[in-house]
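Undergrad: Sharing a model that was predicted from the sequence below.
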Amino acid sequence: MGRTDRASRVVAAPPATVYHALLDRRSLEAWLPPDGMRGRVEHWDPRPGGGFRMVLTYLDPAAGTGKTSDATDVVDVAFAALVPPERVVQRAVFESDDPAYAGVMTMAWHLAATDAGTEVTVTATDVPPGIDRTVHEAGIASSLANLASYVETSD
């Protein structure tokens with residue numbers, strides 16, 4: 001593998017608020033699914049070595065090309081590192097019979113304080129080859145926009 005995808009955005013909220021949104025089950029369900037999807041967390045253990053399972057469902061099943069089924073992506077995520085309020089590192093494995101989605105993808109969320117709030121940078125490494133780079137980076141950008149909207153309106 002070895003491919004790396006990235007996206008970043010400045011969020012008008014302090015790093016501690018953003019960090020909390022990364023580690024709160026209800027928050028993740030609200031903002032993590034990119035446009036066109038909804039998410040449900042089935043398992044939640046927010047500690048180093050813990051993790052979660054998220055089921056992402058396409059809102060329009062006819063438009064979806066899911067990794068797990070035609071309309072869903074199921075991903076098991078382990079928390080590899082939690083450094084409040086600076087960094088969350090996740091290891092994600094998609095449930096799929098297609099070997100193009102196999103492997104462990106690392107998602108590193110870096111939070112840096114700025115005058116305008118927090119710069120959130122997401123770096124995905126070892127992205128499975130079945131995930132289109134343009135679609136993936138657009139999905140990360142969509143999740144970051146959702147995160148911004150979520151934390152900027154919840155203060």
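TA: Okay, I see it. Numbers count the residues shown, from 1 in each chain.
Undergrad: Name the nearest residue to residue 72, sequence neighbours excluded.
TA: Among residues not flanking residue 72 along the chain, residue 66 sits closest, at 4.7 Å (CB to CB, 6 or more residues apart in numbering). Every residue, glycine included, has its C-beta placed from N, CA and C.
Undergrad: Tell me which strands the longest strand out of those in the chain pairs with, and in which orientation.
TA: In the chain, taking DSSP state E as the definition, the longest strand is strand 72-83. Sheet partners assigned to strand 72-83 using DSSP bridges are listed as strand 51-58 (antiparallel), strand 87-94 (antiparallel).
Undergrad: a markdown table for those strands, including distance to residue 151, mean neighbour count and mean pLDDT?
TA: Formatted as a markdown table, those follow (distance: least, CB to CB, whole Å; neighbours: other CB atoms under 10 Å; pLDDT from 0 to 100):
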| stretch | distance to residue 151 | mean neighbour count | mean pLDDT |
| --- | --- | --- | --- |
| strand 51-58 | 19 | 19 | 95 |
| strand 87-94 | 14 | 19 | 98 |
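Undergrad: can you pull out the helices in this structure?
TA: 15-22, 25-31, 133-154 (DSSP state H).
Undergrad: so how far is residue 68 from the residue sitting furthest away from the middle of the chain?
TA: Largest separation from the mean C-alpha position in the chain: residue 115, at 24.7 Å (CA atoms, centre = their mean). As judged by CB to CB, to the nearest Å, residue 115 and residue 68 stand 42 Å apart.
Undergrad: that older thread, got the contact list for the residue nearest to residue 72?
TA: 58, 72-73 (CB atoms under 8 Å, 6 or more residues apart in numbering).
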